[in-house]
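> coordinates for the following, if possible.
(one chain, ligands or ions: 2)
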Amino acid sequence: MRPTLLDTLFADATTLPGIGPKLGKILAEFTGDKIVDLLFHLPSNLIDRQYRPSLAEVEDGRIATFEVEVMKHDVPRRRNLPYRILCGNETGYLSLVFFHARGDWLGKAMPQGATRMVSGRVERFREQLQIVHPDHMLPQAEFDKLPIVEPVYPLTAGLSAKALMKATQAALPDLRALPEWQEAEWLKQQGWSDWQDSVQAVHRPENMSALEPTHSARARLAYDELLAHQLVLALVRRDRKKQEGRAYQPADDFQARLLAMLPFPLTGSQEAAIADIRDDMASPMRMLRLLQGDVGSGKTIVALMGMLQAVANGAQSALMAPTEILARQHADTLGPWLDELGIRWQLMTARNKGKMRQESLDALANGDVQIAIGTHALFQDDVAFADLGLAVVDEQHRFGVQQRMALSSKGTGVDVLVMTATPIPRTLTLTAYGDMDVSRMPDKPPGRQPVETRVISMDRYPEVAQGLNNALAEGARIYWVCPLVNESELVDLAAAEDRAKALQKIYGDRVGLVHGQMKPAEKDAVMTRFATGDISILVATTVIEVGVNVPEATVMVIEHAERFGLAQLHQLRGRVGRGLDKSSCVLLYRGPLGETAKSRLNIMRETEDGFKIAEEDLRLRGAGEVLGTRQSGLPLFRLADLEAHADLLPAVHDDVKLLLERDPLLTSPRGEALRVLLYLFRRDEAIRFLQSG
Ligand code: ADP
Ligand code: MG
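Numbering: from 1, shown residues only. Ligands and ions are numbered 1, 2, ... in the order given. This next block holds a predicted model:
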């Protein structure tokens with residue numbers, strides 16, 4: 001139950017002045033529908049009414065405030081003409097201009113001869129000073145009640161600056177003190193004030209510097225938000241560790257036999273990751289480990305070693321791939337090894353239907369199958385395992401904390417290994433994956449050919465298209481990727497189709513097309529033709545992104561490269577350079593490019609190290625953009641800015657660690673306050689982990 005102390009904060013925004021049902025609906029979508037949501041919606045700019053020049057000296061375009069006398073109303077003869085009020089003082093004249101004005105109201109508010117404070121953005125129209133729709137026209141006494149500096153909030157359609165400001169400001173005087181959840185010593189050291197003062201300060205900025213994320217009030221609130229987030233991750237992690245897992249003896253025999261079969265030695269990174277997993281699985285606690293390694297770093301073998309450990313102990317393992325194609329590819333590579341080891345395995349995807357599917361289900365349920373490879377079909381409700389010991393997830397899109405937990409529900413004490421090829425800068429790993437243990441694999445298998453990357457303007461498209469001839473003459477296979485342009489699949493599809501047609505004019509039926517709207521079977525058919533060399537140029541929308549392996553492919557052309565995120569470009573480029581032949585990547589861009597875009601494409605030319613690319617991208621674009629939730633699995637914060645507040649992350653982490661050591665059940669005064677914090681940020685689902693004790 002939410003503490004009653006938070007009731008006013010969680011009252012509907014519609015209880016604030018000026019917020020009716022209609023605005024309430026808009027707010028619900030835009031900021032959230034509670035008062036606390038408005039308070040967490042921070043100003044992005046401000047209007048300073050301290051600027052009070054004379055009418056003779058005012059600068060155009062600035063927001064200015066004047067004391068004037070109302071001289072004359074110019075009532076329009078036609079509805080579509082503006083209503084004008086002429087005002088002035090000893091320094092000059094000023095027109096106030098209104099479109100679709102209500103004359104009766106203006107007559108009352110601005111009677112002729114009255115003195116008024118008028119403020120708004122000043123402009124010059126035919127040598128005359130004017131303000132269109134002034135922000136304020138008030139008698140002195142009322143004007144004095146306005147804040148001199150007014151915050152300006154990010155807006156959405158249907159929501160006016162004034163309404164939002166008024167409502168938010170109205171919520172401020174009612175703020176109650178909340179128990180302090182930060183350490184007094186730390187607050188003092190940072191020079192931060194308490195919560196309600198900080199909230200008030202961010203909504204009453206006195207100058208532009210108060211809008212900086214590093215301003216003390218903003219930094220405090222950011223810390224609060226990060227603290228709530230990290231605390232939840234830590235509680236989830238602790239709860240998981242408390243759950244009984246199973247201890248699997250290392251599978252030395254299987255692993256040695258597999259090693260002997262491999263035509264290559266393992267990399268140092270692979271050995272280290274395998275050791276991490278072996279230890280996790282051998283311990284009686286449950287494993288939840290993230291295996292982070294670039295495309296081609298050899299994660300699959302590492303996962304296989306873990307799966308062997310479960311199997312050697314009589315349990316089952318499951319490997320889940322994000323797509324049908326990838327599941328098949330895993331089956332193709334792992335299958336022969338598993339056969340050789342005498343392990344019973346099976347491929348299971350959405351394409352297993354009817355009788356075949358029933359047989360698969362039975363085999364899983366009675367334990368005939370020891371290793372299952374498949375898509376998410378593996379984790380559907382009607383799938384039961386005899387005894388699932390390890391679930392490996394080769395992920396494309398990141399899962400949230402919730403889904404990570406749900407995954408292990410297919411058995412008791414199931415160990416979970418998540419593999420990702422999206423590198424995240426080290427500083428952000430904890431924020432994204434604080435509930436998991438992480439193994440990073442920086443090394444790549446030796447002997448890979450570097451991919452030569454060129455950045456070329458689309459103006460030179462004809463050259464590039466013709467240039468493929470040389471590569472084809474040498475037997476190359478070529479990917480040509482067309483990007484998401486409109487976030488509309490149909491429009492993107494049209495672009496890819498056009499490109500395929502244009503290339504077909506030159507290269508005839510050696511050109512194929514694969515896109516997201518095709519049925520899985522059609523997609524596979526095209527991919528197979530490409531893999532076997534039946535077609536040599538594969539035009540694709542980004543469906544190939546997810547790790548298809550065609551070692552013969554040596555050229556990657558990416559159209560509109562400037563529209564892709566660096567992580568995505570890096571993933572795409574990882575599709576070539578997998579075989580023995582020299583590979584190249586052409587990044588086609590449509591200019592003109594800004595400085596950042598240029599630098600970003602240049603990074604691609606300079607390095608193939610995914611972790612380095614991620615760090616650089618973070619530096620250039622900021623965390624918010626690089627790591628939108630969808631792409632990265634990072635949570636979206638409202639008050640914290642992962643880039644600007646990056647230096648707070650280690651402090652938050654240490655804080656949480658120490659706190660849970662001293663007060664594991666959050667029963668101290670600070671612990672109680674932290675429970676309030678979790679409710680405040682709607683992260684209270686983690687509180688149930690405190691009750692069981
Ligand atoms: P990813 O990390 O992208 O999933 P994979 O596991 O698919 O990478 O491995 C990519 C390729 O590299 C596979 O063909 C695999 O057999 C090969 N490979 C894996 N480990 C090594 C190694 N240590 N030395 C050489 N080749 C390796
Ligand atoms: Mg892989």
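> tally of neighbours for the nearest residue to R670 once chain neighbours are set aside?
Using C-beta to C-beta, 6 or more residues apart in numbering and skipping residues adjacent in sequence, the residue nearest R670 is W181, 6.4 Å away. (C-beta placed from N, C-alpha, C; glycine too.) Applying other C-beta atoms under 10 Å, we find 24 residues neighbouring W181.
> same question, T91
14.
> relative to ligand 1, how far out is the closest residue to it other than its chain neighbours?
Nearest non-adjacent residue to T91, counting by C-beta to C-beta, 6+ apart: S54, 3.7 Å away. Counting by C-beta to the nearest ligand atom, to the nearest Å, the gap from S54 to ligand 1 is 69 Å.
> same check on A234?
Taken as C-beta to the nearest ligand atom, the span from A234 to ligand 1 is 29 Å.
> how about the nearest residue to that residue, chain neighbours excluded?
Using C-beta to C-beta, 6+ apart, the closest residue to A234 is V656 (5.0 Å).
> quick one: the one you found and ligand 1, what's the gap?
According to C-beta to the nearest ligand atom, V656 and ligand 1 sit 32 Å apart.
> identify the residues contacting the helix or strand that residue falls within?
Using DSSP states H and E, V656 falls within helix 648-662. With C-beta atoms under 8 Å, 6 or more residues apart in numbering as the test, helix 648-662 has contacts from 183, 186, 219, 222-223, 226-227, 230-231, 234-235, 238, 427-428, 430-431, 434, 640, 642, 668, 670-671, 674.
> try 7 Å this time
A222, Y223, L226, L227, Q230, L231, A234, R238, T427, L430, T431 (C-beta atoms under 7 Å, 6 or more residues apart in numbering).
> which parts of that helix are buried?
Residues L648, L649, V652, H653, D655, V656, L659, L660 are the ones in helix 648-662 that count as buried (16 or more other C-beta atoms under 10 Å).
> and D663, how many neighbours?
When neighbours are counted by other C-beta under 10 Å, D663 registers 15.
> excluding its backbone neighbours, what's nearest the residue lying farthest from the centre of the chain?
Taking C-alpha atoms, centre = their mean as the measure, the residue most remote from the mean C-alpha position of the chain is G113, 57.6 Å away. Closest residue to G113 apart from its sequence neighbours, by C-beta to C-beta, 6+ apart: V70 at 6.4 Å.
> who are the contact partners of that neighbour?
Contact analysis of V70 by C-beta under 7 Å, 6+ apart lists I85, C87, M110, P111, Q112, G113, A114, R116.
> how about 6 Å then?
Going by C-beta atoms under 6 Å, 6 or more residues apart in numbering, V70 touches C87, M110, Q112, A114.
> out of the residues you listed, which are inside helices?
Judged by DSSP state H, the subset of the contacts of V70 located in helices is empty.
> let's have these in JSON lines, adding distance to ligand 1 and pLDDT.
Below are the contacts of V70 laid out as JSON lines (distance: C-beta to the nearest ligand atom, whole Å; pLDDT from 0 to 100):
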{"residue": "C87", "distance to ligand 1": "71", "pLDDT": "97"}
{"residue": "M110", "distance to ligand 1": "71", "pLDDT": "94"}
{"residue": "Q112", "distance to ligand 1": "78", "pLDDT": "95"}
{"residue": "A114", "distance to ligand 1": "75", "pLDDT": "96"}
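> neighbour-wise, give me the winner out of these.
C87 (27 neighbours).
> phi first, then psi, for the nearest residue to it once chain neighbours are set aside.
Once flanking residues are discounted, C87 sits nearest to V68: 3.9 Å by C-beta to C-beta, 6+ apart. For V68, the backbone dihedrals (degrees, to the nearest 10) come out as phi -140, psi 160.
> so how many other residues sit close to V68?
Neighbour count for V68, taken as other C-beta under 10 Å: 23.
> longest helix in the protein, please.
Longest helix in the chain by number of residues (criterion: DSSP H): helix 216-242.
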